[in-house]
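Peer 1: Give me the fold of what follows.
(5 chains, ligands or ions: 5)
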Amino acid sequence: MTQQSGTAVLSTEATADALLVATGISKSFGNVRALQDVSVWLPRGQITALIGDNGAGKSTLVRVLSGVHPADEGSLTFDGSPVRFASPEDARTAGIETVHQNLALIDDLTVWQNLFLNRELVRGFGPLSFLDRKRMQEQAEKMLSRLSVNVPPIRSKVRRLSGGQRQAVAISRAAGWGSKLVIMDEPTAALGVQETARVEELVKGLRADGMTVLLISHNFDQVMRLADQVWVMRAGRLAAGRRTQDTDGEELVGLVTGAITS
Amino acid sequence: MTQQSGTAVLSTEATADALLVATGISKSFGNVRALQDVSVWLPRGQITALIGDNGAGKSTLVRVLSGVHPADEGSLTFDGSPVRFASPEDARTAGIETVHQNLALIDDLTVWQNLFLNRELVRGFGPLSFLDRKRMQEQAEKMLSRLSVNVPPIRSKVRRLSGGQRQAVAISRAAGWGSKLVIMDEPTAALGVQETARVEELVKGLRADGMTVLLISHNFDQVMRLADQVWVMRAGRLAAGRRTQDTDGEELVGLVTGAITS
Amino acid sequence: PPDRSAEVAAIIKGLDNPFFQAMGQGIEDGATGPVTVQAAQSTADTTGQADKLSAVAVQGFGCYIINPISGTNLVQSLSLIAKQGKPVINIDSPVNAEAARLAGATLASYVGTDNTHAGQVAGDFLAGRLPAGAKVALIGGTAGDVTSRARLDGFRAAVDGKLTVSQTVDVNEWSRSEALTRAEEIMRANPDLAGFFVANDDMGLGVSRAVQNAGKSDQVRVVSVDGVEDGLRAVKSGQLAATVAQYPYTIGEMGVEACRAAAAGHTLPATVNAPVALVTQDNAADALSAFPKPFEQYDDPYRQLLQQ
Amino acid sequence: MAEAVAVGADRESLGGRLRDIGFWADWAAVIGLVALVIVFGLASPSFLTLGNIQAMLVSAAILIVLAVGQTFVIATSGIDLSIASIMTFGAVVLGLLYAAGWPILLACLVGVVAAGLAGVINGTLVAKGRIPDFVVTLGMFSAASGAALILSDGKPTQVVDGFLLALASGSVGPFGYFIVVAAVVVVVAHVALFHTRFGVHVLATGGNAEGARAMGIRTGRVRLAVYLISGVLAGVGAILLVSRVGAAEPAINTTYLLNAIAAVVLGGVSLQGGRGNILGPVVGALLLTALTNGLTLLGISQYYQPLAVGVVVVMAALLMRYQR
Amino acid sequence: MAEAVAVGADRESLGGRLRDIGFWADWAAVIGLVALVIVFGLASPSFLTLGNIQAMLVSAAILIVLAVGQTFVIATSGIDLSIASIMTFGAVVLGLLYAAGWPILLACLVGVVAAGLAGVINGTLVAKGRIPDFVVTLGMFSAASGAALILSDGKPTQVVDGFLLALASGSVGPFGYFIVVAAVVVVVAHVALFHTRFGVHVLATGGNAEGARAMGIRTGRVRLAVYLISGVLAGVGAILLVSRVGAAEPAINTTYLLNAIAAVVLGGVSLQGGRGNILGPVVGALLLTALTNGLTLLGISQYYQPLAVGVVVVMAALLMRYQR
Ligand SMILES: Nc1ncnc2c1ncn2[C@@H]1O[C@H](COP(=O)(O)OP(=O)(O)OP(=O)(O)O)[C@@H](O)[C@H]1O
Ligand SMILES: Nc1ncnc2c1ncn2[C@@H]1O[C@H](COP(=O)(O)OP(=O)(O)OP(=O)(O)O)[C@@H](O)[C@H]1O
Ligand SMILES: O[C@@H]1[C@H](O)[C@H](O)CO[C@H]1O
Ligand SMILES: [Mg+2]
Ligand SMILES: [Mg+2]
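Peer 2: Residues are numbered from 1 along each chain as shown, chains lettered A, B, ... in the order given. Ligands and ions are numbered 1, 2, ... in the order given. Down below sits the predicted model:
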């Protein structure tokens, strides 16, 4: 199974069918250079994985793509046109939904309120718009049932959920908005077998629906199972890119650790 | 590889060589019955895994064993004598160190201060005991170097660490106190390949040093690699117990999901 | 540092009360040269006032005027001034003599009104107007405030055996709105209440408002202390039955005159009584037109010294 | 069918609630108020008269308005220590404009605008300047009372005006205008907090600002808005205050500051933010008002009043710790 | 060799620190103080005279002692709103015992013990009663001032005593006893916070109480201890206060409450807890004292003083937001 070397190396030159192209992204926090000249692209309608060791800069890249942090340098092209995301709202409006590593759930709000956060449904118009609770609750039920085995009533507060249940809520939220790109930062790290399987199904379902997915994962088996393409980061830099069919878990480990270069 | 049925089923009757025996543990939070009549035991000097789906009650059982929550019902025997842990300090004094799922790190303290939390070294005596910073920093360096590839200077604050780095600090702390039992609640969930491998080495090292380990994990490959014995929980109850050599990943999945009963 | 030995520094009590504004104004108007007037942050700010006196003391003024919040709070700072041998004029509230002696602080002169006396004047007035045994209630300023307590004590002593004091409440920070609320409640608990004695005019105006709101203007009389301009107006219009005017303006003015007299080498009288006048509807018009000065003749021994 | 199930579930959960100490804890302020009303009602015949109840409501009105403003700020995990001095500042502006001959309605409006502006400064420093709420509003506490003193030169201004007089003494049926104003503020605030997107964003900002931001909520604007609300309500409080005492006074009332916070806390709103509740603080304000009212009616020595307030606050909190 | 490297690393990090705005932010209070000293020193020739500096230090002493107590509480993410009224309560106890003929030292001791007991009540309610700090101490703010009024019957007690007089006016070299007392408190507090296990546990409790508990730290006891410290220091403040004003007065000075918190905040201690610093609050207290002193020397109307305090607090905070 193991192919030695000579694997097709992915160029950082974007192809025409890329949904998102990031070029030369750098980002520092004080003295910490979290990202240095990172260029990646995500093929439209495919699942791209982003892997790398702890502290490699994966979450930082995710936050740049989703508008949380502005990049210090570099540019983004999304769906054919250059974009600058000044805020997460900009990225969401453009069609990028993100499941952050820390989930971005509001503990004291209910499950349905979290699902509709900043996407609340209202009745009326202008200053006389009031929340349409009933409709949100109904839709929330549907959004969750697609995914989870063991989700508590949608009216309970998120604070009461177990780690896995929380993850399920955050993923349902990102998947629920008919967006173009869904970014998931280690979505199955805290999940049990059944939930992990469900999430993997869901990710495949998103692709089947024509969505593009960026998946951060430490689980290389999962990456090999799901992804069409893989970017590898090491210490803040892009280390390599591969089509999944041209690589295997062993090579990925080597690229992540630096045992194999390029 | 796959053995069908007829596997040796582990009795919840403790054997004489058990380091810790928990009998009939129940615990509710308001209306949520997180644990119901759970009896398990941990063989001395071995690695025992605890698996189960999200919300099965694993973390709650860990918190009972480590003195964070008192059990509503049930009893504990540790190292041959009955114990009641009124506080985490009691459990630590008895020789139980825990890596909690939320890590229990203090963000605004340094790495070395976290490693020595509530185990601070002092000079002088009585009310005139002052912290021996130098000695703590030196020892901290040693504690960490055993484990981690990518740990920042021990004088930096924990707040600045990445998820994986934080996990590494919490694990080093639990492993560093020559305790009898080390409990780890999903210690590698957020870790990269290299760190995961290191942690697994460390867990084996603890066993080699004669310590007993209780490992909570969703990763069944890891469980099969490391553990000598496995307890399976489902919805707050003990579902099954197995010696690792008598089972396999497939059976574990079945037990966790409830597809296989007993 | 510049030579300020020809200048006067005054440290007075309050910050946000017309009583002390008038006092400050009197000090400034009475002075012939530069004066510095500073006040404490509130009438509970004993140490803050002491700090201010210490601060001006290091500047070497030629004369100091003090209106202490309590009998002893300025004594430490006074001992600093004593070392400079500069005259200190005590106005309004007196410094505790024993404490001053222990600290080695000497006072050149005291001019002020006795707050207990002011309360007595008010008490005599109400006792004269109301039938024997009529019910009155007392409203004081911040609990524990020295001036408020002296006024209330004086009032109680004067009406003892003549009127019935049904209730006493204190109002935090001498707040007009809280005084109003308390007065409403007291009237409700005591439907037969005939009068209020209120420890200052500002609160007195709130209490008279409560009386009006309750439609009891004919039945309940309000007397307060201070004689600030709004108070005098209220007496004139009948909202207040009377106010005991203490002429803070004149007290301030006499304070600077005392400084001038001391500078001129005169020996000052130990104690000078500032004028106190009971202002009722009869003389309110006169009082208003003379404001901020007293409308009756009064003794000013300092001015006499200066005119010699 | 699905409907029926949902309703059934709700009913069950209501029943469950009543058996849960958490439910009672959530309502600690109400229980405290009821207990006080019973005790005082038995002890003083005047306490439960219509007149006294009306008067209590009137005198609670300012505190209610301030507590509602404070609630919005606290729900974002902020705190507004400047609320009472902004009220003073608004009152002084109102009074000076009135004294300068402006029409009363315009003077009131500008007073509210001035108070709102002070709120905007708070909000801007908190949101854009990223300074902690406590520090900003501690600074504004000083600055606004200083501004009030400077503008008024330390002197109160009499405001004797028909409109304000009517506001203080008039009523709709048994309810004084003050109560009507407070009720309108309460209803609008409740709707804003629980039935609009803005309200959800306030709670989200207070619960997990970083998470809210990641979801695209402009937490800076939310913070600015709550301080604006708090400032404007302090301005409304200023109108009521001037109308009540017939004068605009530069003295700050620290009692209002501490009581406005105490009312919110008694109302079960966590200072951690993320949880809001409008009716709780209203009940808290009523409780504090009833307490002083009752003690005054009973003629209990004024020295015992602060002690009683302290004990009640702590006792209500002892119940409240079982809050969910 | 290992030594040499460590030292080198430290040196480098000091150099790095100076280039980092975070370093300056951490020292905002010091920078503010230095700026004030320069401005006032130029504007008023009396400001930098020995006499004035001594007077400022004396007048800052009480505030410093209270701010140190407040710092311990804030480091556990609590807040003590009752500190000024506990000081008043302690002063009244001291005064009454003195008036009853007790020896002065015993009266002082019992005053401190009484204040410490009030702190223990705070701590017990916070730790065992699990009531939020803000609520408990808001309650105690009322209760302690009520107790002071009841005990003293609202009357001040003259305490004219040789020992206290000497305390207020005596000095060791150029340093008044007040300054010596404050300095001892500061040094002991610094050592306790940074060089003992207790100090680490205070910071851990404030930073992450749940985590600290999981590590076996008795966070309840830690909370109790910080309120005890805060109470005892309020008692020490009471001795200084009585000594300074020559009387035990039952009216509380609310300036101390707000200034003690402002000093801590100016000193760069986060109200979120988990971070502590003793010298910062001391500098904060000096800054607030120097500000009032300088404005008084310049003869600026007292109406501008609250405004100036507010502006300085906010400006220091603007620098502080770059804090690390
Ligand atoms: N807000 C921040 N401030 C300072 N440093 C940061 C911040 N966020 C990230 N870093 C630093 O940037 C580097 C990259 O962190 P990042 O979280 O992107 O890593 P990661 O690849 O997601 O790691 P993990 O697999 O552990 O989640 C780390 O050294 C981290 O400490
Ligand atoms: N402090 C608490 N208060 C209320 N409910 C709780 C609390 N802790 C846990 N629970 C509930 O108890 C149940 C068991 O939770 P627990 O965290 O033990 O699960 P777990 O097996 O560790 O799950 P995961 O794999 O997701 O970590 C869940 O339903 C959870 O919501
Ligand atoms: O004498 C003054 C005035 O009456 C003032 O109104 C309040 O404080 C008192 O000390
Ligand atoms: Mg990450
Ligand atoms: Mg768990």
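Peer 1: Show the contacting residues for C:E296.
Peer 2: C:275, C:277 (CB atoms under 8 Å, 6 or more residues apart in numbering or on different chains). Using the backbone N, CA and C atoms, a C-beta is placed for each residue, glycine as well.
Peer 1: Look up which helix or strand it falls in, please.
Peer 2: Secondary structure from DSSP states H and E places C:E296 outside every helix and strand.
Peer 1: Report pLDDT for residue 236.
Peer 2: Assuming you mean chain A. Per-residue pLDDT puts A:G236 at 93.
Peer 1: that's the other chain; I wanted chain C
Peer 2: In this model, C:K236 carries a pLDDT of 96.
Peer 1: Next one: it from C:D286, what distance?
Peer 2: Applying CB to CB, to the nearest Å, the value for C:K236 to C:D286 is 10 Å.
Peer 1: Any part of the helix or strand where D:L203 lies near chain A?
Peer 2: For D:L203, the host element (DSSP H and E) is helix D:197-207. Yes. Residues of helix D:197-207 are located near chain A by CB under 8 Å from any CB of the partner chain, namely D:197, D:200-201, D:203-204, D:207.
Peer 1: Compile those residues into CSV and extend it with columns for neighbour count.
Peer 2: As requested, the residues of helix D:197-207 next to chain A are exported to CSV (neighbours: other CB atoms under 10 Å in any protein chain shown):
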residue, neighbour count
D:R197, 18
D:V200, 23
D:H201, 22
D:L203, 23
D:A204, 29
D:G207, 27
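Peer 1: rewinding a little: would you put the C-alpha positions of the helix holding D:L203 in CSV?
Peer 2: Provided in CSV are the C-alpha atoms of helix D:197-207 (Å, rounded to 0.1, in the frame of the first residue of the first chain):
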residue,chain,number,x,y,z
ARG,D,197,-32.5,40.0,18.0
PHE,D,198,-30.8,42.8,19.9
GLY,D,199,-31.8,41.2,23.2
VAL,D,200,-30.3,37.8,22.1
HIS,D,201,-27.1,39.6,21.1
VAL,D,202,-26.9,41.3,24.5
LEU,D,203,-27.2,38.0,26.3
ALA,D,204,-24.7,36.3,23.9
THR,D,205,-22.2,39.1,24.4
GLY,D,206,-22.5,38.8,28.1
GLY,D,207,-22.3,35.0,28.1
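Peer 1: other SSEs contacting that helix?
Peer 2: Secondary-structure packing of helix D:197-207 (3 or more CB pairs under 8 Å, 6 or more residues apart in numbering or on different chains; DSSP states H and E): helix D:50-75, helix D:177-194, helix D:209-214, helix D:219-245.
Peer 1: Tell me who's in contact with the closest residue to D:V73 other than its chain neighbours.
Peer 2: In this structure, D:V73 finds its nearest non-sequential neighbour in D:D80, 4.4 Å apart by CB to CB, 6 or more residues apart in numbering or on different chains. Residues near D:D80 by CB under 8 Å, 6+ apart: D:69-70, D:73, D:122, D:133, D:137, D:227, D:230.
Peer 1: again, 10 Å this time
Peer 2: D:66, D:69-74, D:86, D:119, D:122-123, D:126, D:133-134, D:136-137, D:140-141, D:226-227, D:229-231, D:233-234, D:257, D:260-261, D:264 (CB atoms under 10 Å, 6 or more residues apart in numbering or on different chains).
Peer 1: Pull up the gap between A:E186 and A:A227, please.
Peer 2: Using CB to CB, one gets 14 Å for the distance from A:E186 to A:A227.
Peer 1: Show me the common contact partners of the two, please.
Peer 2: Residues touching both A:E186 and A:A227 by CB under 10 Å, 6+ apart: A:215, A:217.
Peer 1: For those two, work out which one has more neighbours and name it.
Peer 2: Applying other CB atoms under 10 Å in any protein chain shown to A:E186 and A:A227 shows that A:A227 carries more neighbours, namely 25 against 22.
Peer 1: about what we covered before: for the record, mean pLDDT for the helix holding D:L203?
Peer 2: Confidence for helix D:197-207, expressed as mean pLDDT, is 95.
Peer 1: by how many degrees do that helix and helix D:177-194 diverge?
Peer 2: Angle of helix D:197-207 versus helix D:177-194, following axes from the mean of the first three to the mean of the last three CA atoms, to 10 degrees, is 70 degrees.
Peer 1: separation between the closest residue to ligand 3 within the stretch 1-150 of chain C and C:Q246?
Peer 2: Nearest to ligand 3, among the residues of the stretch 1-150 of chain C, is C:T147, at 3.4 Å (CB to the nearest ligand atom). Distance of C:T147 to C:Q246, given as CB to CB: 10 Å.
Peer 1: excluding its backbone neighbours, what's nearest A:A91?
Peer 2: What sits nearest to A:A91 in space, not counting adjacent residues and going by CB to CB, 6+ apart, is A:G67, at 3.6 Å.
Peer 1: residue contacts, the one you found?
Peer 2: Applying CB under 10 Å, 6+ apart, we find A:G67 in contact with A:76, A:83-94, A:96, A:98, D:213-214, D:216.
Peer 1: circling back: which residues are common contacts for C:T147 and C:Q246?
Peer 2: C:19, C:92, C:115, C:118, C:200, C:225.
Peer 1: Looking at C:T147 and C:Q246 now, which is surrounded by more residues?
Peer 2: When C:T147 and C:Q246 are compared for neighbours, C:Q246 comes out ahead with 29 against 25, by other CB under 10 Å.
Peer 1: how near is that one to ligand 3?
Peer 2: Counting by CB to the nearest ligand atom, to the nearest Å, the gap between C:Q246 and ligand 3 amounts to 7 Å.
Peer 1: residues touching that residue, list them.
Peer 2: Residues near C:Q246 by CB under 10 Å, 6+ apart: C:19, C:22-23, C:92, C:112-115, C:117-118, C:121, C:200, C:225-228, C:274-277, C:294.
Peer 1: what separates it from chain E, distance-wise?
Peer 2: The spacing between C:Q246 and chain E, counted by CB to the nearest CB, to the nearest Å, is 21 Å.
Peer 1: which SS state does the residue nearest to A:A91 fall under?
Peer 2: Secondary structure state of A:G67, per DSSP: H, G, I helix; E, B strand; the rest coil, is coil.
Peer 1: residue ranges of the strands in the stretch 101-250 of chain A, please?
Peer 2: Taking DSSP state E, counting those that start in this stretch, the strands of the stretch 101-250 of chain A run over residues A:122-123, A:130-131, A:181-185, A:212-216, A:229-234, A:237-243.
Peer 1: Same list, those, but as JSON lines with distance to D:V34 and mean neighbour count please.
Peer 2: Formatted as JSON lines, the strands of the stretch 101-250 of chain A follow (distance: least, CB to CB, whole Å; neighbours: other CB atoms under 10 Å in any protein chain shown):
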{"stretch": "strand A:122-123", "distance to D:V34": "36", "mean neighbour count": "14"}
{"stretch": "strand A:130-131", "distance to D:V34": "31", "mean neighbour count": "18"}
{"stretch": "strand A:181-185", "distance to D:V34": "50", "mean neighbour count": "26"}
{"stretch": "strand A:212-216", "distance to D:V34": "55", "mean neighbour count": "25"}
{"stretch": "strand A:229-234", "distance to D:V34": "62", "mean neighbour count": "24"}
{"stretch": "strand A:237-243", "distance to D:V34": "66", "mean neighbour count": "20"}
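Peer 1: related to what we said a few turns ago, mutual contacts of C:K236 and C:D286, please.
Peer 2: Between them, C:K236 and C:D286 share these contacting residues under CB under 10 Å, 6+ apart: C:V279.
Peer 1: Tell me which of the strands of the stretch 101-250 of chain A approaches C:A258 most closely.
Peer 2: strand A:130-131 (71.3 Å; CB to CB).
Peer 1: Run me through the strand neighbours of that closest one, direction for each.
Peer 2: Applying DSSP bridges, strand A:130-131 is found paired with strand A:122-123 (antiparallel).
Peer 1: outside of the partner strand, which residues touch it?
Peer 2: If you take CB under 10 Å, 6+ apart as the criterion, strand A:122-123 is touched by A:128-136, D:195-197.
Peer 1: what bits of chain C have low per-residue confidence?
Peer 2: Scanning chain C for pLDDT under 70 picks out C:1, C:15.
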